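> Need coordinates for the following:
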Amino acid sequence: MTPTSRLLDANQRLFVLGDLDAIAEHFAPDYVVQLAAGRALRGHEAIRAAVTLTRRAFSDLQVEVELLMESADRVAWQRTLRGVQTGAYHGFPASGREIVWRELVVSRFEGGRIVEERLVSELAERLLMSRKG
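Residues are numbered from 1 along each chain as shown. A predicted model of the protein is given here:
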C-alpha cells in the first residue's frame, strides 16, 4: 500500500466507518503525533481515544483528504472534516450545528506504516465561532 493510499484508507476506515481495528494496520506501535503548544500523543491507545471522542461528538462525520506534497517517507496533506456536533468535545457542549474544520498534517512513514505526524487543527476556533453565531 502506498503512503497516499494508506492515508486515504486510514481516514475513511477510522473517522467515517469507525473501524478501530485499522489502527494497528496503518500506524506503528510507537506512533507519535506532535500537536500545538508542544503537546504530543503516543501510541495506538491515543489514536483510539481521539477517534472515539471525535466520532461521539460529531455525527455523520465526513472526511475529505487533499494531498499537498509527497516525498520518499513523508506526505503533507490536508483534511476537511464535517459533522453535526451532537456531543460534547473537550469542554465544548453539543451545539447541534454542523461544524466544518480543516487539519494540516505531515505524516512520516517507516515500514509502510505511519510512525510520526505533526498536526495543526482549526477545530477549537470553529467550535468557538459556532457559539457566537
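> Can you give me the pLDDT of residue 17?
Residue 17 carries a pLDDT value of 97.
> Over to it: give its phi and psi.
Per-residue torsions, residue 17: phi -90, psi -20 (degrees, to the nearest 10).
> swap in residue 122?
phi -100, psi 20.
> try residue 6
Main-chain dihedrals, residue 6, degrees, to the nearest 10: phi -60, psi -40.
> distance of it from residue 23?
The gap separating residue 6 from residue 23 is 12 Å, by C-beta to C-beta, to the nearest Å. Every residue, glycine included, has its C-beta placed from N, CA and C.
> do the same with residue 15
From residue 15 to residue 23 the distance is 12 Å (C-beta to C-beta).
> Need the residues touching each of these two.
Counting by C-beta atoms under 8 Å, 6 or more residues apart in numbering, the residues touching both residue 15 and residue 23 are residue 51.
> any idea how far residue 43 is from residue 30?
Taking C-beta to C-beta, one finds residue 30 at 7 Å from residue 43.
> distance between the lengthiest helix in the chain and the chain's centre?
Scanning the chain for the longest helix, with DSSP state H as the assignment, gives helix 43-57. Taking C-alpha atoms, centre = their mean, to the nearest Å, the mean C-alpha location of helix 43-57 is offset from the chain mean by 9 Å.
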